[in-house]
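A.B. asks: sequence and computational prediction follow.
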Amino acid sequence: APTVIEAISKARRAARERAWTLAGAHSPAVGVSAKSPLVIDLDATLINVHSEKEQAAPTFKRGFGYHPLCAFLDHGSDGTGEPLAIQLRPGNAGSNTAADHITVTRDALAQLPAGLLARGGRGSKKILIRTDGAGGTKDFLAWLQRQRLA
């Protein structure tokens, strides 16, 4: 399964890179700078299921299901958004788990065209990671700083 997932991820990145190239002046990457960065939003949501599916678990809101962590590229007021990465997690997954935030951010960054990242795959201030209070852990913020992400 990991080999298949990696192949799908590479294919999605190539398709996104091609679509952004074809979009020309309308590409989300046009005009990106530290003052006008690409914005990646991280947030989790609860998904209820009504049977004992694989990895489903009780949620903190007394439901049962999943608590996936999602990363979307915000296209601003002129567009909607673009899903970059989703990490399926059991319903009892913690809201402020730094390791999960780091994983989904890495997966999201891997979906961006290579030219947006600095050498060695590290980030730049041209990419802003935005999250709610659940992402405000010391470990996640320290990781963002080490990666040179805003």
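C.D. replies: Okay, I see it. Quick caveat: nothing in here was measured; it's all calculated off a predicted structure. Numbers count the residues shown, from 1 in each chain.
A.B. asks: okay, CA-based contacts and neighbour counts for the rest of this
C.D. replies: OK.
A.B. asks: does residue 115 count as helix, strand or coil?
C.D. replies: helix (DSSP: H, G, I helix; E, B strand; the rest coil).
A.B. asks: quick one: pLDDT of it?
C.D. replies: At residue 115, the model reports a pLDDT of 73.
A.B. asks: just residue 123 next, same as before
C.D. replies: 63.
A.B. asks: got it, and the one 5 residues further on?
C.D. replies: pLDDT, residue 128: 93.
A.B. asks: for the one 5 residues further on, same thing?
C.D. replies: With respect to pLDDT, residue 133 scores 88.
A.B. asks: for residue 118, same thing?
C.D. replies: Residue 118 is given a pLDDT of 61.
A.B. asks: please apply the same query to residue 16.
C.D. replies: Note for residue 16: predicted pLDDT of 94.
A.B. asks: need the three-state assignment for it.
C.D. replies: helix.
A.B. asks: can you check residue 149 too?
C.D. replies: Residue 149 is classified as coil under three-state DSSP.
A.B. asks: buried ones in stretch 88-96?
C.D. replies: Buried positions in stretch 88-96, judged by neighbour count with 16 or more other C-alpha atoms under 10 Å: 88, 89, 90, 91, 92, 93, 95, 96.
A.B. asks: sweet, I'm off.
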